[in-house]
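Asker: My questions concern the predicted model and sequence given below.
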Amino acid sequence: MTTILWFRQDLRLTDNSALDAAISRGGPIVPLFIFDHAEEHEWSLGGASRWWLHHSLKRLSDEIKERGNELIIKSGDARSVMGEVLRETGATSIFWNRCYEPRSIIRDTKLKQALVNEGIDVCSFNSSLLREPWEVATQKGDPYKVFTPFWRASRALGEPARPSSAPDSIPASDWAIKKCNLNTLKLLPDDIDWAHGLRERWNPGEKGALIRLNEFREANAHGYADMRNIPSLAGTSRLSPHLHFGELGPRQVWHAITSNAHIETDGIMSKGVETFLSEIGWREFSYHLLYYFPELPSAPLRKEFERFPWADSLSSKAAWECGKTGYPIVDAGMRELWSTGWMHNRVRMIVASFLVKDLLIDWRCGARWFWDTLVDADLASNSASWQWVAGCGADAAPYFRIFNPTTQAKRFDPDGSYVRQWIPEISGLPNKLIHTPWLAKPIELSDAGISMGSSYPNPIVDHSEARNHALDSYKFLKST
DNA sequence: TTTTGAGTTGTTCGA
DNA sequence: GTCGAACAACTCAAA
């Protein structure tokens, strides 16, 4: 009656459907994590994600130990590892929660087939989405390509199931299992310790996730609609990495946010709550798109974009990556990303628009950089969002919607406190110049201790010229 | 089958 | 300074 519980992107014990099912089945449980990223592939874990995974596994391991069992960590190809554990434990069934990346779907489908053929009882569950990607469909049965009708249809399916609570104990037995030490996976940086800023900012693991959820619910959920756009405030939920690794699930988020005080009369939710829920909706929509369009990470959904005349400038790409474009709001965002593994959402849109529309660099370059540096790097959200910015996605931004970095900065960082936090070398500028140091007079620069071109770069492009160039390129696309 | 209404996040220009 | 229109049609989803 032994059950293997295969942990993947569901590194939690609360509201974990596979775990609940394994426990109610009875019999001992083998909690297993397989690190199958040793072999490099196109979307192997990025550096920041590896750091997060290490700590998340450590926490999960502690939680399981407290409940009288042990997380078995193994490295290698999922199928051969699974065969090994079956032999070592004599388990007769394997439970897991579903993953939705194209590569995972292929792996899991093959694996399930093979295991079923060997007489193993394999059950999979949904614990990482409010709805399965295929549950939401148009009247014709097609996938949705526009967010609003998708989200309406998803909501119309009713309230998500109530989350279950974590079990008090997880029954174990005595097995002799070969396992590896977490440290041997080498998930942490080994030469240079670049994770300092990550440690300061984040608390990976289920406990940290629940604390964050609670803080957000109490402090920010109501004012979310307005607060979320100001990058100097902690107005966003910052739940994205926790959700990505499944340290909490969207059902828990949904019920925490919609419960009690945040509902106004007649079940109408406050604007802040509705706005936040729609962000959960965008996550669902991205998974829906990735499921039906598995090429999403690498190919534009609008095929005409295959012909887009992207520029191939290594030097401007490098300036963008290291936060030296000369546009303070862009540079602040890129440095926040490098330092903390995360960037405020408003600023993500600004830097993405800048890369794609001002520098005319292929959105896939930006998506790749985000993939390697974000702690919340998620194939579905990252790919769908970059395509949206570039204008080649489902429900794309119109091509003439080109963010003006200066206008955005003045609107959403009016006193420059976000920029000053990340670009100390220009912090001496007065507020009226903080977003436009190139307009400062020599005396103003020397007062602030700045030497343009050495202590802080001149803008690498003129936004207004770049905008016209982008409009021409997009027009060219339409005319061919 | 045809029609109709709508579509995350913006900017600029001219009145 | 504020306001509305233009930026462009096209595709999607439902009636």
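Answerer: Noted; the coordinates are in hand. Numbering: from 1, shown residues only, chains lettered A, B, ... in the order given.
Asker: quick one: contacts of stretch A:187-197?
Answerer: Applying C-beta atoms under 8 Å, 6 or more residues apart in numbering, the external contacts of stretch A:187-197 come out as A:Gly47, A:Arg50, A:Trp51, A:Leu53, A:His54, A:Ser339, A:Thr340, A:Gly341. No exception for glycine: its C-beta is placed from N, CA and C like everyone else's.
Asker: Could you identify which of the residues you listed has the most neighbours?
Answerer: The most crowded member of the contacts of stretch A:187-197, judged by other C-beta atoms under 10 Å, is A:Gly341 (25 neighbours).
Asker: Return the residues in contact with the residue nearest the centre of chain A.
Answerer: The residue lying closest to the centre of chain A (C-alpha atoms, centre = their mean) is A:Asp376, at 3.4 Å. When contacts are counted by C-beta under 8 Å, 6+ apart, A:Asp376 touches A:Ser240, A:Pro241, A:Leu243, A:His244, A:Gly341, A:Trp342.
Asker: if I look at the second one, how far off is DNA strand C?
Answerer: Per C-beta to the nearest atom of the strand, to the nearest Å, A:Pro241 is found 29 Å from DNA strand C.
Asker: Can you classify that residue by secondary structure?
Answerer: helix (DSSP: H, G, I helix; E, B strand; the rest coil).
Asker: Surely it and A:Trp342 touch.
Answerer: Yes - in this structure, A:Pro241 is within contact of A:Trp342 by C-beta atoms under 8 Å, at 7.3 Å.
Asker: mind checking which helix or strand the one residue in the stretch 51-200 of chain A that gets nearest to DNA strand B is in?
Answerer: Per C-beta to the nearest atom of the strand, A:Thr148 is where the stretch 51-200 of chain A lies closest to DNA strand B, at 3.4 Å. A:Thr148 belongs to helix A:147-156 when assigned by DSSP states H and E.
Asker: and that helix, what does it pack onto?
Answerer: In this structure, helix A:147-156 makes packing contacts with helix A:271-292, judged by 3 or more C-beta pairs under 8 Å, 6 or more residues apart in numbering; DSSP states H and E.
Asker: Any part of stretch A:380-387 near DNA strand B?
Answerer: Yes - counting by C-beta under 7 Å from any atom of the strand, DNA strand B is contacted by stretch A:380-387 at A:Ser385.
Asker: and for that stretch, what are the contacting residues?
Answerer: A:100-101, A:240, A:282-283, A:285-287, A:289-290, A:296-297, A:300-301, A:348, A:352, A:356, A:363-364, A:366-367, A:370-371, A:374, A:393-394, A:396.
Asker: looking only at pLDDT, what's the mean for it?
Answerer: What stretch A:380-387 shows for mean pLDDT is 98.
Asker: I figured A:Arg162 hits A:Arg251, correct?
Answerer: Yes - A:Arg162 is in contact with A:Arg251 according to C-beta under 8 Å; the separation is 7.4 Å.
Asker: interface residues of the stretch 101-250 of chain A facing DNA strand B?
Answerer: Near DNA strand B, when you scan the stretch 101-250 of chain A using C-beta under 7 Å from any atom of the strand, you find A:Val146, A:Phe147, A:Thr148.
Asker: ok, of those residues, which come out buried?
Answerer: A:Phe147 (16 or more other C-beta atoms under 10 Å).
Asker: Looking at the residues of the stretch 101-250 of chain A next to DNA strand B, spot the one nearest A:Asp472.
Answerer: A:Val146 (28.0 Å; C-beta to C-beta).
Asker: tell me which element the residue nearest to the closest one when sequence neighbours are not counted falls in.
Answerer: Nearest residue to A:Val146, sequence neighbours excluded (C-beta to C-beta, 6 or more residues apart in numbering): A:Asp395, at 4.8 Å. Applying DSSP H and E as the criterion places A:Asp395 outside every helix and strand.
Asker: Now do the contacts for A:Asp395.
Answerer: Here A:Asp395 is in contact with A:Lys145, A:Val146, A:Phe147, A:Trp388 (C-beta under 8 Å, 6+ apart).
Asker: show me which of those residues neighbour DNA strand C.
Answerer: Answer for the contacts of A:Asp395 near DNA strand C (C-beta under 7 Å from any atom of the strand): A:Lys145, A:Val146.
Asker: do you know how far A:Gly90 is from A:Tyr399?
Answerer: 60 Å (C-beta to C-beta, to the nearest Å).
Asker: which one of these two has more residues nearby?
Answerer: A:Tyr399 (17 against 11).
Asker: what touches both of A:Pro241 and A:Trp342?
Answerer: A:Trp202, A:Val375, A:Asp376.
Asker: give me the number of residues near the second one?
Answerer: Residue crowding around A:Val375 was assessed by other C-beta under 10 Å; the count is 26.
Asker: Quick one: residues contacting it.
Answerer: A:Ala48, A:Ser49, A:Trp51, A:Trp52, A:Leu198, A:Trp202, A:Pro241, A:Gly341, A:Trp342.
Asker: Now A:Pro102: closest residue in space that isn't a chain neighbour?
Answerer: A:Pro294 (3.8 Å).
Asker: I'd assumed that neighbour was in a strand, is it?
Answerer: No - secondary structure assignment (three-state DSSP) places A:Pro294 in coil, not in a strand.
Asker: Around it, how many other residues sit close by?
Answerer: 16.
Asker: repeat for A:Ser80
Answerer: 12.
Asker: next one: A:Gln139
Answerer: There are 6 residues near A:Gln139, going by other C-beta under 10 Å.
Asker: Which strand or helix spans it?
Answerer: With DSSP H and E as criterion, A:Gln139 is part of no helix or strand.
Asker: just for the stretch 1-150 of chain A, where's the confidence low?
Answerer: A:38 (pLDDT under 70).
Asker: Where do the helices of the stretch 201-350 of chain A begin and end?
Answerer: All helices of the stretch 201-350 of chain A, identified by DSSP state H, counting those that start in this stretch, fall at A:206-219, A:224-227, A:240-244, A:250-258, A:271-292, A:314-321, A:328-340, A:345-353.
Asker: interface residues of the stretch 251-400 of chain A facing DNA strand C?
Answerer: Residues of the stretch 251-400 of chain A lying near DNA strand C (C-beta under 7 Å from any atom of the strand): A:Pro398, A:Tyr399, A:Phe400.
Asker: Tell me the one among the residues you listed nearest to A:Trp43.
Answerer: A:Tyr399 (27.9 Å).
Asker: quick one: contacts for the nearest residue to the closest one once chain neighbours are set aside?
Answerer: Setting aside the residues directly before and after it, A:Tyr399 is nearest to A:Tyr474 in space (C-beta to C-beta, 6+ apart), at 3.8 Å. With contact taken as C-beta under 8 Å, 6+ apart, A:Tyr474 is in contact with A:Gly391, A:Tyr399, A:Phe400.
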